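J.: A predicted structure for the sequence below; I have some questions about it.
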Amino acid sequence: MSSRRRTATSITALTCGVALLGGFAGAGTARARDSGGEGDLAGKSAEQISELARRELLAATSLRLRTSTSVDATRLDITMNRSGDCTGAISKGHYGKVELIKHGRQIWLKPDDAFWKGQLSADAAASVIARVKGRYLHGTTDDPLPASIAAACDLAAFQKQTAGSGSPESPKPTPPGASPQPKLTLSKGKPTVQEGTRVLPILKSRGGARQTLYVAIDGKHVPRRLTAEVDHQTATILLSNYGTHVSPKTPTAARSMEISEVEDQLPGAKPPSQET
C-alpha cells in the first residue's frame with residue numbers, strides 16, 4: 001500500500017460512524033392531530049411532514065452538517081455547498097483532528113499533532129510534525145489523500161443518502177419458520193425547540209430500532225436534527241445554516257505545503273531508488 005493510500009485510509013477512518021437516516025417518507029401512516037404549537041404542520045400526518053422535510057433537504061444548496069455517534073469518538077462539523085466548496089473539521093477524540101478546506105478541485109488538510117502521533121512511529125511523527133510546522137497540506141481531488149476527505153464534502157451525495165428516494169419501503173417476505181418482521185410505525189411527537197428553532201419530532205420505530213426526525217415548524221420545513229437508536233447505540237445528525245454562503249478562505253503559500261513534500265516520511269514510503 002502506498003504512503004498516500006495508507007494516510008488516506010487513516011483520515012477516512014475519521015469520517016466513519018456517520019449514521020445517515022433515511023426512509024421516513026412512505027414509512028407508514030399516522031393520524032393527523034390538531035396542535036396550536038405545530039403551526040401550518042397541524043393537520044398534516046407524520047408521513048406528509050416527513051415528505052416535506054425530505055424535499056426541503058434535497059432542495060438545499062448549502063448547509064452545515066454536524067455528526068456524532070456512540071459507536072466511536074468520530075465527529076464531523078463541516079459547511080458545504082452544491083458547488084463542491086467546503087470548510088470544517090473531522091475529529092476522533094484523542095486519535096486526532098483534521099481541519100479541511102475545499103474549493104472546487106483544490107483541497108487543504110491540516111492534521112493536528114495527535115493525528116500524526118496516532119498514525120506514525122514516535123520518531124516519524126516527530127519528524128513530520130517538525131517538517132509540516134502546523135501548515136496545511138495541499139492537494140487536489142486527483143490525489144488519493146485529499147480525495148478521501150472530499151467525500152465528506154459532497155453535499156449531493158449526503159442528500160441522496162440521507163433523504164433517499166422517497167419511495168415507500170417494501171416489506172420483505174418472511175422466510176418459512178421465521179418470526180414476522182416487526183411492524184413499522186410513524187407518528188408525531190410534541191413540538192420542542194432545537195437550537196432556538198421550533199421543531200416537530202417525527203418518530204419512526206420498528207422493533208427495537210428508533211429514529212426521530214425533527215422538522216422546523218416555522219418557515220421552510222427543513223430537517224434540523226436526526227437521531228437513531230439501535231441496540232443501545234445512538235447517532236445524531238444536526239443540520240443548520242441552510243442556504244448560507246460558503247466561501248472558504250484558502251491558505252496562503254506561506255501557510256501550506258504540498259503533500260508530496262512529506263510523502264517520503266509517511267507510512268509505507270519506499271526508500272529512494274539507488275541508481276547504478
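T.: Now that the structure is in, tell me what you want to look at. Numbering: from 1, shown residues only.
J.: list the contacts for the closest residue to residue 85 other than its chain neighbours?
T.: Excluding the flanking residues, the one nearest residue 85 by C-beta to C-beta, 6 or more residues apart in numbering is residue 246, at 4.6 Å. Where C-beta positions appear, they are placed from N, C-alpha and C, glycine not excepted. Applying C-beta atoms under 8 Å, 6 or more residues apart in numbering, one finds that residue 246 lies in contact with 62, 79, 80, 81, 83, 85, 86, 87.
J.: may I have the secondary structure class of residue 246?
T.: Assigned state for residue 246: coil (three-state reduction, DSSP: H, G, I helix; E, B strand; the rest coil).
J.: now it: phi and psi?
T.: Reported as degrees, to the nearest 10, the phi and psi values for residue 246 are phi -110, psi 110.
J.: return the member of the contacts of residue 246 nearest to residue 211.
T.: residue 80 (23.3 Å; C-beta to C-beta).
J.: that closest one and residue 62 touch, don't they?
T.: Yes. Between residue 80 and residue 62 there is a contact at 6.6 Å, judged by C-beta atoms under 8 Å.
J.: joint contacts of those two?
T.: 155, 246.
J.: which of those two has more residues huddled nearby?
T.: Neighbours per residue (other C-beta atoms under 10 Å) separate residue 80 from residue 62, with residue 80 holding more: 24 against 18.
J.: what separation do you get for that one and residue 95?
T.: The spacing between residue 80 and residue 95, counted by C-beta to C-beta, to the nearest Å, is 23 Å.
J.: where's residue 51, which helix or strand?
T.: helix 46-59 (DSSP states H and E).
J.: can you give me the buried ones in that helix?
T.: Buried positions in helix 46-59, judged by neighbour count with 16 or more other C-beta atoms under 10 Å: 46, 47, 48, 49, 50, 51, 52, 53, 54, 56, 57.
J.: quick one: mean pLDDT over it.
T.: Taken as a whole, helix 46-59 carries a mean pLDDT of 95.
J.: check which helices and strands it is in contact with.
T.: helix 155-163, strand 184-188, strand 197-206, strand 209-216, strand 223-230 (3 or more C-beta pairs under 8 Å, 6 or more residues apart in numbering; DSSP states H and E).
J.: hmm, 6 Å instead?
T.: helix 155-163, strand 184-188, strand 197-206, strand 209-216 (3 or more C-beta pairs under 6 Å, 6 or more residues apart in numbering; DSSP states H and E).
J.: direction included, what does the last one pair up with?
T.: The pairing partners recorded for strand 209-216 under DSSP bridges are strand 197-206 (antiparallel), strand 223-230 (antiparallel).
J.: could you point out which of the ones you listed sits nearest residue 70?
T.: Per C-beta to C-beta, nearest to residue 70 of those: strand 223-230, 9.0 Å.
J.: and for that closest one, what's in contact with it?
T.: 19, 21, 53, 57, 194, 197, 199, 209-216, 235-239 (C-beta atoms under 6 Å, 6 or more residues apart in numbering).
J.: what does stretch 110-129 give?
T.: By C-beta under 6 Å, 6+ apart, stretch 110-129 touches 10, 95, 96, 97, 98, 99, 136, 262, 265.
J.: list the buried residues of that stretch.
T.: Buried residues in stretch 110-129 (16+ other C-beta under 10 Å): 110-112, 114-117, 119-120, 124-125, 128-129.
J.: and the furthest pair within the residues you listed?
T.: 110 and 124 (18.4 Å).
J.: and the closest residue to residue 52 other than its chain neighbours, what helix or strand is that in?
T.: Closest residue to residue 52 apart from its sequence neighbours, by C-beta to C-beta, 6+ apart: residue 221 at 4.5 Å. Of the helices and strands defined by DSSP H and E, none includes residue 221.
J.: measure stretch 188-196 end to end?
T.: 20 Å (C-alpha to C-alpha, to the nearest Å).
J.: list the contacts of that stretch.
T.: Contacts for stretch 188-196 (C-beta under 6 Å, 6+ apart): 37, 38, 46, 200, 201, 203, 214, 224, 225.
J.: now do the helices in the stretch 1-150 of the chain.
T.: Ranges of helices in the stretch 1-150 of the chain, per DSSP state H, counting those that start in this stretch, are 3-14, 46-59, 113-119, 122-132, 144-150.
J.: give me the angle between the longest one and helix 155-163.
T.: Which is helix 46-59. Angle between the axes of helix 46-59 and helix 155-163 is 170 degrees (criterion: axes from the mean of the first three to the mean of the last three C-alpha atoms, to 10 degrees).
J.: with that, I have no additional questions.
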